[in-house]
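> Quick one: sequence and predicted model below, then my questions.
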Amino acid sequence: FLERSPEGYLEKPETILETKPAPYMAAFSSQGPNPVNPEILKPDITAPGVSVIAAFTRAMAPTELAFDERRVAFTSMSGTSMSCPHVSGLVGLLKALHPDWSPSAIKSAMMTTAIDVDNKGESILNASLAPAGPFAYGAGHVWPSRSMNPGLVYDLGPDHYLDFLCALKYNATVLSMFNGEPYKCPEKAPKIEDLNYPSITVVNLTASGAMVKRTVKNVGSPCKYKAMVRQPAGVHVTVSPDVMEFGKKGEEKTFEVKFETKNAKLAKNYAFGALIWSNGVQFVKSPIVVKTAA
Ligand SMILES: *[C@@H]1O[C@H](CO)[C@@H](O)[C@H](O)[C@H]1NC(C)=O
Ligand SMILES: *[C@@H]1O[C@H](CO)[C@@H](O)[C@H](O)[C@H]1NC(C)=O
Ligand SMILES: *[C@@H]1O[C@H](CO)[C@@H](O)[C@H](O)[C@H]1NC(C)=O
């Protein structure tokens, strides 16, 4: 049976504000875990990417189909291609405010200030309206105004990335290609999970536990920060030291995060938590992802 005279209708467009819940994850949004290096959480962050109206090229039709001869100044599109410019624009604003911040410091500022609850105050949902997690949204949804003043940043320079390549057992030939000259890996072999990333992931946790190192830099006023941990199910996470006092801007401090399994069964699948450094005003939040050895 073929419908010979199909009919459709369009309703008058209407702007609806304050829809709830928002934001929530699009069904097409790519998800973790990271298949290449599971010790590095991916995605990092999420930003608006559904039905975003933006300027459009006149070199093609809004449908991108050859027979469509329409040319429009604006169109609505969805995807990472829409999310990415939101984040890139924010990076530009942060760089203008803080010209001395490295790319990693800017990324850290956006990740540690991102929000992981929606406008109902509940966990960000996925497209089936079930709670999503860090494998869907990373650190959370970008919060531009908060990222201007993150308090602390997890900074990284070229040498940290070279040490990361050392941890991945890249050989001297490949390392010197990246470095432009030979690079000597540290005597004590670096660990992948010690890359000074604004998220913390431990895979293959055994009964003997695991230890991860991080360094934070104070980018605010002199301040005292205290660590709070949202514990992942079946795992006990402790931070040492759990109080850090920064006397001046630019000061760096290193801490250790210790993972112990209380109930390995509970963390057989990935378990999620968070580490939050707070001075009472700022909340420097890193997602924690952990999985016990199979
Ligand atoms: C949402 O999460 C639930 C529970 O984890 C899962 O079963 C479902 O497939 C997810 N939906 C999407 C669209 O990712
Ligand atoms: C170094 O690694 C590259 C890429 O895996 C490989 O092609 C090359 O043969 C290696 N060189 C040495 C000296 O082992
Ligand atoms: C974790 O353990 C599994 C099973 O032993 C192994 O296949 C995998 O390579 C390990 N992953 C990492 C990142 O060590």
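Thanks, I have it. Keep in mind that what you see is a predicted model, and the values were worked out from it rather than measured. Ligands and ions are numbered 1, 2, ... in the order given.
> Quick one: residues in contact with the longest helix seen in the chain.
Taking DSSP state H as the assignment, the helix of the chain that covers the most residues is helix 80-97. Contacts to helix 80-97, defined as CB atoms under 8 Å, 6 or more residues apart in numbering, come from residues 29-30, 45-50, 52, 54, 101, 106, 109-110, 142, 144, 147-148. To be clear about C-beta, it is placed using only N, CA and C from the backbone, and glycine gets the same treatment.
> average pLDDT for that helix?
Summarised as a single mean, pLDDT over helix 80-97 is 96.
> how distant is that helix from the center of its chain?
What separates the centre of helix 80-97 from the centre of its chain is 14 Å, taken as CA atoms, centre = their mean, to the nearest Å.
> Name the nearest residue to the residue most central in space within the chain, sequence neighbours excluded.
If you average the C-alpha coordinates of the chain and look for the closest C-alpha using CA atoms, centre = their mean, you land on D44, 2.1 Å from that point. Using CB to CB, 6 or more residues apart in numbering and skipping residues adjacent in sequence, the residue nearest D44 is G138, 4.4 Å away.
> Name the helix or strand for the residue in the stretch 1-150 of the chain positioned nearest to ligand 3, please.
Distances from the stretch 1-150 of the chain to ligand 3, computed as CB to the nearest ligand atom, single out P38 as the nearest residue at 5.2 Å. Counting by DSSP states H and E, P38 is held by no secondary-structure element, helix or strand.
> check contacts around T201.
When contacts are taken as CB under 8 Å, 6+ apart, T201 is in contact with P38, E39, I40, L41, E193, I288, V289, V290.
> again, 10 Å this time
Listed by CB atoms under 10 Å, 6 or more residues apart in numbering, the contact partners of T201 are 32-34, 37-42, 134, 192-193, 195, 212, 270, 287-291.
> ok, the residue lying closest to it once chain neighbours are set aside to I192 distance?
Excluding the flanking residues, the one nearest T201 by CB to CB, 6+ apart is V289, at 4.3 Å. As judged by CB to CB, to the nearest Å, V289 and I192 stand 14 Å apart.
> Now the common contact residues for those two.
Contact criterion CB under 10 Å, 6+ apart; residues bridging V289 and I192 by contacting each: P38, E39, I40, T201, V203.
> which of those residues tops the neighbour count?
The residue in the shared contacts of V289 and I192 with the most neighbours, by other CB atoms under 10 Å, is T201 (25 neighbours).
> Surely that one forms part of a helix?
No - with the criterion set as DSSP: H, G, I helix; E, B strand; the rest coil, the secondary structure at T201 is strand rather than a helix.
> buried residues in the helix or strand harbouring T254?
Counting by DSSP H and E, the element that carries T254 is strand 252-261. Within strand 252-261, the residues that qualify as buried by neighbour count (16 or more other CB atoms under 10 Å) are F255, V257, F259, T261.
> between V289 and I192, which one's more packed in?
V289 (25 against 17).
> Tell me which helix or strand the more buried one sits in.
strand 283-292.
> repeat for A105
With elements delineated by DSSP H and E, A105 resides in helix 103-112, which encompasses its position.
> Name the nearest residue to C223, ignoring sequence neighbours.
Excluding its sequence neighbours, the residue lying closest to C223 (CB to CB, 6+ apart) is N279, at 4.6 Å.
> correct me, but the one you found touches V216?
No - the criterion here is CB atoms under 10 Å, and N279 misses it with V216 at 11.9 Å.
> and for the two, which residues touch both?
For the pair N279 and V216, residues contacting each of them under the criterion CB under 10 Å, 6+ apart are G151, L152, Y225, M244, F246.
> hmm, back to that, so which of the shared contacts of V289 and I192 is the closest to E122?
T201 (24.3 Å; CB to CB).
> From ligand 1, how far off is that closest one?
Taking CB to the nearest ligand atom, to the nearest Å as the criterion, T201 is separated from ligand 1 by 19 Å.
> which residues does the closest residue to ligand 2 within the chain contact?
When you check the chain against ligand 2 by CB to the nearest ligand atom, the closest residue turns out to be N171, at 3.7 Å. Going by CB under 10 Å, 6+ apart, N171 touches L165.
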